[in-house]
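*Asks:* Quick one, structure for this:
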Amino acid sequence: GQEVYYEGQMIVLEEGPLLLKSEAGEEVRLEILFGSEIPFAWLETESGDLQYLKDEEERQEEGLLYFVNEDGVLEYDGELDKIKLRGNSTRLQPKCPFRIRLDQGASLAQLGCSEDYVLLAEYGDPSLMQNKAALELANRTTDLYEPDGVHIDLYINGEYMGVYLLCEGIFIGENRLDLHNLEKETEKSNRQPLEEYAAFQETFGEDTLTKGYEIPNNPADITGGYLLELEYPGRYEDEETTGFRTARDRTLVIKDPNRASREQVEYIQSQFQQVEDAIYAEDFQVPGTSLALEDVVDLKSFVHKYLVDEICMNTDPWTSQFLYRDRGEAVFHFGPAWDYDMAFGHYAPGYSPEEFYLNNHIWYGEVYEYPAFQELLRTEYESCYLPVLEDLTTEEIPRWKEELRSSARMNFTRWDMGEIYERNEIL
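*Replies:* Got it, this is the predicted structure:
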């Protein structure tokens, strides 16, 4: 009901269409939309133009952020040390995702206090809820860390950008993935900044076996922590600076430490090779040892990741598959869960929900044959996942739908659904 003026005409701001006349006598149609009662972020970039970030892949800049929660309380009013585009294919979309770093740590929308956050665009998801549903399922079915997310309305440089999912992201740190920070310890062990050391790349034919940095000094203990991500071979070869290739041609990026020494790369490569060998062995043991799969993998985390991916029908399990191992641990943990905007059958129509989807993807088909995995999968699904799924489908998802209704209308006024459906058909 607020009153404003347009070229001498008083306008009452109420939702719906208005017909106005300009000074030249031309009719102007204005439609006023109000968002939902969800948090909103007002972000300003230093350049004032998002094209500046889009022109170069790794370009970033500083900015300002005003963040207001669902109760109308200002939670952050300060500087951004960094805003940049993120994602592989998603960064090329008209509505693109971002990574931001606050000038100081803050708990936005009751997410874990941190300087680092991710803004997921959900451009190809007509429901706007696929990532939220998958992360909620993951969070409520494990005691391990899983990132959380909250829907917000996002404005950048005075322009409405749509409904985004503000997420904690996959980072090592307090209130995120709490592992030893091996990269910081490596920095302390050397005189020069790590980025000043030369990169190395060991190849066999056209394939890169290992890549990292020729860093002279390592901490006394290099057993952790490590955060790995399964990645497409092409991206691993062309875009990443640290990682390794397994004996079965799986390519894994070392996300943290991002600047890993030769010794660190070779160490974690040899440790993960035991995992892969055990998965593909007929007896599910590391060949030539007495180690079973459970001795090198947190089997419960493997079951957890399998169930989240299978239930959500993760169409793209060849990337954004994370694993980690902390200092002094003997086992790798699968997860955290991430990247479900192409899930739920949205990009792979024709599959029956009564069929297994993932058993032809990466290592899921092999590990599914392991009796201990099957038994744990069955008990976890019946005791833990079924009750959560019941609550999600009957209570939570319908509630999110109502909460988002007004903002979703604004989002799909800003972004043409016809373009989105056409893109999905092409994919």
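*Asks:* Which helix or which strand is home to D103?
*Replies:* Assigned by DSSP states H and E, D103 falls within strand 98-106.
*Asks:* and that strand, which strands flank it?
*Replies:* strand 74-85 (antiparallel), strand 114-120 (antiparallel) (DSSP bridges).
*Asks:* closest one to E202 among these?
*Replies:* E202 sits nearest to strand 74-85 of all the strands paired with strand 98-106, at 30.0 Å, using Cβ to Cβ. In short, each C-beta sits where N, CA and C put it, glycine included.
*Asks:* CA atoms only: put the closest one into PDB for me.
*Replies:* Taking Å, rounded to 0.1, in the frame of the first residue of the first chain, the C-alpha atoms of strand 74-85 are listed here in PDB:
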ATOM      1  CA  LEU A  74      19.600  -7.300   8.800                       C
ATOM      2  CA  GLU A  75      22.200 -10.100   9.400                       C
ATOM      3  CA  TYR A  76      25.100  -8.800   7.300                       C
ATOM      4  CA  ASP A  77      26.000  -5.300   6.100                       C
ATOM      5  CA  GLY A  78      29.600  -5.300   5.000                       C
ATOM      6  CA  GLU A  79      32.200  -5.900   2.400                       C
ATOM      7  CA  LEU A  80      32.800  -8.900   0.200                       C
ATOM      8  CA  ASP A  81      36.400  -9.900  -0.300                       C
ATOM      9  CA  LYS A  82      35.400 -11.900  -3.300                       C
ATOM     10  CA  ILE A  83      32.600 -12.700  -5.700                       C
ATOM     11  CA  LYS A  84      33.200 -14.900  -8.700                       C
ATOM     12  CA  LEU A  85      31.200 -17.200 -11.000                       C
END
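*Asks:* So which bits of it are buried?
*Replies:* Neighbour counts over strand 74-85 (16 or more other Cβ atoms under 10 Å) mark 75-76, 80, 82-85 as buried.
*Asks:* Closest one to S47 out of those, please.
*Replies:* Using Cβ to Cβ, these come closest to S47 at I83, 10.2 Å.
*Asks:* Touching, the closest one and L102? I think so.
*Replies:* No - using Cβ atoms under 8 Å, I83 is not in contact with L102, being 10.3 Å away.
*Asks:* how about low-confidence regions in this structure?
*Replies:* Applying pLDDT under 70 to the chain flags the ranges 1-2, 5-7, 88, 347-350, 417-427.
*Asks:* Distance-wise, check P287 relative to L293.
*Replies:* Separation of P287 from L293 (Cβ to Cβ, to the nearest Å): 12 Å.
*Asks:* Of these two, give the one with the bigger neighbour count.
*Replies:* L293 (23 against 12; other Cβ atoms under 10 Å).
*Asks:* ok, the more buried one - contacts?
*Replies:* Contact analysis of L293 by Cβ atoms under 8 Å, 6 or more residues apart in numbering lists 275, 278-279, 284-285, 299, 367, 370, 372-373.
*Asks:* cool, A41 as well?
*Replies:* Shown in contact with A41 (Cβ under 8 Å, 6+ apart): 65-68, 119, 152-155, 164, 166.
*Asks:* mind redoing it with 10 Å?
*Replies:* 65-68, 75-76, 100, 108-109, 117, 119, 152-156, 161, 164, 166 (Cβ atoms under 10 Å, 6 or more residues apart in numbering).
*Asks:* Tell me which helix or strand it sits in.
*Replies:* strand 40-45.
*Asks:* roughly how far is that strand from the heart of the chain?
*Replies:* Strand 40-45 has its C-alpha centroid displaced from the chain centroid by 20 Å (Cα atoms, centre = their mean, to the nearest Å).
*Asks:* Would you tell me what the next helix or strand after it is?
*Replies:* For strand 40-45, the succeeding helix or strand toward the C-terminus, using DSSP H and E, is helix 51-54.
*Asks:* For Y145, see how far away the nearest residue to P193 once chain neighbours are set aside is.
*Replies:* Excluding the flanking residues, the one nearest P193 by Cβ to Cβ, 6 or more residues apart in numbering is E187, at 7.2 Å. As judged by Cβ to Cβ, E187 and Y145 stand 24 Å apart.
*Asks:* hang on, the earlier thing: now list the buried members of the contacts of A41.
*Replies:* The neighbour-count criterion (16+ other Cβ under 10 Å) marks 65, 67-68, 75-76, 100, 108-109, 117, 119, 152-156, 161, 164, 166 among the contacts of A41 as buried.
*Asks:* Restricted to strands, list those residues.
*Replies:* Members of the buried ones among the contacts of A41 lying in strands (criterion: DSSP state E): 65, 67-68, 75-76, 100, 117, 119, 152-156, 161, 164, 166.
*Asks:* coming back round to it: please enumerate the shared neighbours of I83 and L102.
*Replies:* Both I83 and L102 are contacted by L65, under the criterion Cβ under 10 Å, 6+ apart.
*Asks:* For the protein, which segments count as helices?
*Replies:* Using DSSP state H, the helices of the chain run over 51-54, 130-139, 182-188, 233-239, 262-280, 293-296, 299-311, 364-367, 371-380, 386-391, 397-414, 417-426.
*Asks:* Let me see the contact set for V275.
*Replies:* 246, 286, 293, 296-297, 302, 323, 325, 331-332, 334, 363.
*Asks:* Which one of the residues you listed is nearest to L228?
*Replies:* Among the contacts of V275, L323 lies closest to L228 (Cβ to Cβ), at 4.7 Å.
*Asks:* V303 and H333 touch, don't they?
*Replies:* No - the criterion here is Cβ atoms under 10 Å, and V303 misses it with H333 at 11.7 Å.
*Asks:* Now the common contact residues for these two.
*Replies:* Here V303 and H333 have T142 as joint contacts, going by Cβ under 10 Å, 6+ apart.
*Asks:* Share the number of residues neighbouring the residue lying closest to R409 once chain neighbours are set aside, please.
*Replies:* Spatial nearest neighbour of R409, chain neighbours left out: L33 (6.2 Å); criterion: Cβ to Cβ, 6+ apart. For L33, the tally of surrounding residues (other Cβ under 10 Å) stands at 14.
*Asks:* So Y236 versus L252, what's the distance?
*Replies:* 8 Å.
*Asks:* Now list whatever residues contact both of the two.
*Replies:* Shared contacts of Y236 and L252, defined by Cβ under 10 Å, 6+ apart, are found at 229-230, 243-245.
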